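Undergrad: sharing a model prediction with you, sequence too.
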Amino acid sequence: MKITSAEVVVTCPGRNFVSLRLETEDGVVGWGDATLNGRELAVASYLRDHLNPTLIGRDAGAIEDTWQYLYRGGYWRRGPVTMAAIAAVDVALWDIKAKYAEMPLYQLLGGASRRGLLAYGHASGGELPALFDSIDQHLDAGYRAVRIQTGVPGLGQVYGVAAAGGGQRYDYEPARAAARPTEEHWDTRAYLRHVPGVFEAVRGKYGPDLPLLHDGHHRMTPVEAARLGRSLEPYDLFWLEDCTPAEDPAALRLVRQHTTTPLALGETFNTVWDYQTLISERLIDYVRSAVTHTGGITAMRKLLDFAAMYQIKSGMHGPTDVSPIGMAAALHLGLAIHNFGIQEYMRHSPDTLTVFRTGYRFEDGLLHPGDTPGLGVEMDLEAAAAFPYQAAYLPVNRLAVDGTVHDW
Ligand SMILES: [Mg+2]
């Protein structure tokens with residue numbers, strides 16, 4: 001099972017993706033996702049210039065050893081670029097091992113713990129009628145849980161609200177192809193005044209059963225987040241996500257003292273160490289990391305097993321910048337673990353799905369990774385070559401009152 005080839009593939013079928021293709025001496029191919037939204041070429045270089053040369057000749061079956069070799073061997077540990085690159089290698093090796101075993105990956109991880117993975121989609125609207133239309137579209141598409149994001153009176157484009165009109169619109173795609181980031185504006189007081197009324201209207205129209213989620217996108221101070229969590233309690237949220245900047249875990253202590261709204265955090269994290277305080281002090285309810293950004297299946301499995309000891313569940317990041325390879329990895333892992341919570345699921349564009357041939361399915365609100373040996377996703381390199389890289393950035397946020405840079 002010696003690795004004989006390691007190649008990076010960068011493609012932009014509507015948005016940028018970085019993938020890793022490993023091949024063994026027997027011609028078995030494994031795929032990994034290394035996409036880091038807005039910083040894609042840094043990970044491509046990390047793989048191409050630093051990791052890939054060290055992989056040639058290694059045993060493709062020695063997954064744990066390779067993970068430790070790359071993590072400890074680099075000396076400079078952690079960070080989103082390093083951990084996305086290690087994740088790509090790790091997922092590609094799991095793909096290869098499952099193909100050798102002639103099993104879908106979830107079988108190697110212990111087998112299915114459930115029929116499928118409850119998924120949530122992104123419903124949004126600038127105002128209530130558009131938001132209701134979006135919720136209706138998601139329910140018609142089979143979703144049984146929805147994230148609710150809304151415009152804020154007085155502000156223009158706001159995080160999480162899909163732009164009106166056509167074009168190649170995903171549910172919500174914030175990265176824009178441009179030479180520099182676009183700039184948005186923000187007013188936390190206006191947001192805090194507006195959001196509870198939106199949830200009151202949604203609960204009034206759709207009743208008590210539908211799981212509702214909301215993303216604060218790191219924009220609040222602890223006391224602001226505590227106030228929002230408390231004001232949303234009557235509407236029984238499934239979770240409030242990223243209510244404060246994630247790199248300050250102690251902030252969640254204050255939020256927790258004031259609200260029983262469940263909290264989700266961690267999509268920008270990249271190791272289990274980032275979660276040590278949050279999990280051991282039970283400051284969150286859901287782990288938001290993606291397999292793609294957290295060192296792969298090997299590391300995510302350990303992180304979620306640690307979380308399970310504290311009754312904390314998975315809520316893996318699944319926007320469209322997680323490629324279909326990364327999504328498949330999340331689905332196999334989510335199907336196998338006991339402490340699965342929910343899976344974010346934005347559908348990829350038709351162009352993306354011509355480049356990535358997927359075997360996973362979405363039926364009756366549940367995702368399933370399929371039963372093809374391996375991950376069940378293969379890339380079409382000819383199709384990928386038709387979509388060259390395009391520079392694209394996530395927006396920058398400024399306070400409306402005076403232009404101070406704020407968390408986006
Ligand atoms: Mg989020």
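TA: Arrived safely, thanks for sending.

Undergrad: what's the residue nearest to residue 94 when sequence neighbours are not counted sitting at in phi/psi?
TA: In space, and not counting its chain neighbours, residue 94 is closest to residue 297: 5.1 Å by CB to CB, 6 or more residues apart in numbering. Yep, even glycine has a C-beta here, placed from its N, CA and C like the rest. In terms of degrees, to the nearest 10, the main-chain angles of residue 297 are phi -70, psi -40.

Undergrad: next one: residue 33
TA: According to degrees, to the nearest 10, residue 33 has phi -100, psi 130.

Undergrad: per-residue pLDDT, it?
TA: What the model reports as pLDDT for residue 33 is 98.

Undergrad: ok, it to residue 81 distance?
TA: For residue 33, the distance to residue 81 equals 14 Å [CB to CB, to the nearest Å].

Undergrad: between these two, who's got more neighbours?
TA: Set side by side, residue 33 and residue 81 show more neighbours around residue 33, with 33 against 19, by other CB atoms under 10 Å.

Undergrad: surely the more buried one touches residue 85?
TA: No - using CB atoms under 8 Å as the test, residue 33 is too far from residue 85 to be in contact (10.8 Å).

Undergrad: circling back to that earlier point, could you report the pLDDT at the residue nearest to residue 94?
TA: Residue 297 is assigned 98 on the pLDDT scale.

Undergrad: return the residues in contact with it.
TA: 90, 91, 94, 105, 109, 291, 329, 332, 333 (CB atoms under 8 Å, 6 or more residues apart in numbering).

Undergrad: now, of those residues, which are buried?
TA: Buried subset of the contacts of residue 297 (neighbour count, 16 or more other CB atoms under 10 Å): 90, 91, 94, 105, 109, 291, 329, 332, 333.

Undergrad: what sits against the last one?
TA: Under the criterion of CB under 8 Å, 6+ apart, the contact list for residue 333 reads 106, 109, 291, 297, 300, 301, 304, 316.

Undergrad: any idea which element the residue nearest the centre of the chain lies in?
TA: In the chain, the residue lying closest to the centroid (CA atoms, centre = their mean) is residue 317, at 2.2 Å. Using DSSP states H and E, residue 317 sits within no helix or strand.

Undergrad: give me the number of residues near residue 399?
TA: Residue 399 has 13 neighbours, counted by other CB under 10 Å.

Undergrad: just residue 234 next, same as before
TA: Neighbours of residue 234 under the rule other CB under 10 Å: 11.

Undergrad: once you drop chain neighbours, what's closest to it?
TA: residue 200 (7.5 Å).

Undergrad: so the one you found, which of the three states?
TA: Three-state call for residue 200 (DSSP: H, G, I helix; E, B strand; the rest coil): helix.

Undergrad: what packs against the helix ranked longest in the chain?
TA: Ordering each helix of the chain by length in residues (DSSP state H) puts helix 80-101 first. On a contact count with 3 or more CB pairs under 8 Å, 6 or more residues apart in numbering; DSSP states H and E, helix 80-101 meets strand 17-24, strand 29-33, helix 40-45, helix 63-73, helix 105-108, helix 296-308, helix 324-336.

Undergrad: returning to that earlier point: just curious, which of the contacts of residue 333 is nearest to residue 65?
TA: The closest of those to residue 65 turns out to be residue 297 (CB to CB; 14.8 Å).

Undergrad: who's in contact with the nearest residue to residue 59 once chain neighbours are set aside?
TA: Distances taken as CB to CB, 6+ apart place residue 1 nearest to residue 59, at 5.7 Å, with adjacent residues excluded. Contact analysis of residue 1 by CB under 8 Å, 6+ apart lists 24, 25, 26, 28, 59, 60, 61, 96, 100.
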